[in-house]
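> How does the following fold in three dimensions:
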Amino acid sequence: MSATALGRRTAVLLLAAAAVTAAGPGSARADSPGGWQNSGSSLVSSLTGGEGLATRADGSLLTRGLGSIPLGLRIKGWNHVGDPDIAGGYTFDAYQGGDSATSKMFEVTTPSGQSYDYTHPLDAGEALNNSFAAVSPDAQWLVAGEWGTMNRLQVFPAPLTNPATPAEGGTLAQAGQISLDQPVQDVQGCDFVSATRLVCASDDAAKDVLQVDLPHALDGTPVAGHVSTLFQLPQDSICSGTFESEGIDYDPAARVLRVEIVSPSVCAVTTTVYSYRPATG
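Modelled structure (predicted):
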């Protein structure tokens, strides 16, 4: 999310929180292209859930929103949290600062609750945005994304869980990137479905859910990614205006894909989470 959009979102949420609009969840659609079937929807508070979500080992959902940012991190200038991920009980959060930021930060929280911060100084040509954290199934690599129209996804050694990273926080350098065979726009979140496939939520005009296929599992070297479109998120609300797609999560145990979209105007106080299951198998 851009810093300007972040400011608008914060203002809307603070105004709307005092007058929650009773916007019911969108109706489930029987089938979606791309091999996924819409199985329902639910609502979460945008203040604490409008930026992303991840599945815990017990099947419950962790959500993130602007209200989830700890005060200590806000004081340090980290004013946006992206779509999180959980791997082996470790929680990975993506943070970004304001328009003048020269770095981005990933925070890892251990199963025991200890948090470690890993700062990545921006490389030449790198956008300051830090939209999401997606950890590979082997917990060795972290995929992240910028904002705008991009032809790549960033790859880092997974902070803390990859032994190549400092044990208690520190500086994080990029590894080999994923070069995409077609540009993607405003990717808000990605998650691994398998070692060689990611699903991503794009905040483009159509609100596309994308698939990125890799020729092999990530190993820290540059790799190509093939992009295809799976389906579009529903845009159902009693409020009119522009929707914003947000986080995405795949729960491999339950085989459930969840994707968030924020309604327009004062309805932005709630975020709809759509659930999808494989259409076959």
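> who's in contact with L160?
L160 makes contact with Y90, V108, T110, Y116, Y118, A167, according to Cβ atoms under 8 Å, 6 or more residues apart in numbering. Every C-beta, even on glycine, is put in place using the N, C-alpha and C of the backbone.
> Helix or strand: which one has it?
Mapping L160 onto the secondary structure by DSSP states H and E places it in no helix or strand at all.
> ok, the closest residue in space to T229 that isn't next to it in sequence to V143 distance?
Sequence neighbours aside, D208 is the residue nearest to T229 in space, at 5.2 Å (criterion: Cβ to Cβ, 6 or more residues apart in numbering). D208 sits 18 Å away from V143, going by Cβ to Cβ, to the nearest Å.
> same check, this time on M105
16 Å.
> And for T55?
Applying Cβ to Cβ to T55 and V143 gives a distance of 17 Å.
> Among these two, which residue is more densely surrounded?
Remark: of T55 and V143, V143 carries more neighbours, 25 against 20, as counted by other Cβ atoms under 10 Å.
> and the more buried one, that one's in a strand?
Yes - counting by DSSP: H, G, I helix; E, B strand; the rest coil, V143 is found in a strand.
> That one - nearest residue in space that isn't next to it in sequence?
Here the residue nearest V143, using Cβ to Cβ, 6+ apart, is A134, at 4.4 Å.
> Return the list of helices and strands in contact with the helix or strand encompassing the one you found.
Using DSSP H and E, A134 sits in strand 133-135. Contacts defined by 3 or more Cβ pairs under 8 Å, 6 or more residues apart in numbering; DSSP states H and E place strand 133-135 against strand 85-87, strand 90-96, strand 141-144, strand 187-194.
> Listing partners with orientation, what would you give for the shortest one?
Next to strand 85-87 in the sheet, as set by DSSP bridges, lie strand 90-96 (antiparallel).
> Quick one: mean pLDDT over the strand it pairs with.
For strand 90-96, mean pLDDT rounds to 98.
> Over to stretch 125-139?
Mean predicted lDDT for stretch 125-139 stands at 98.
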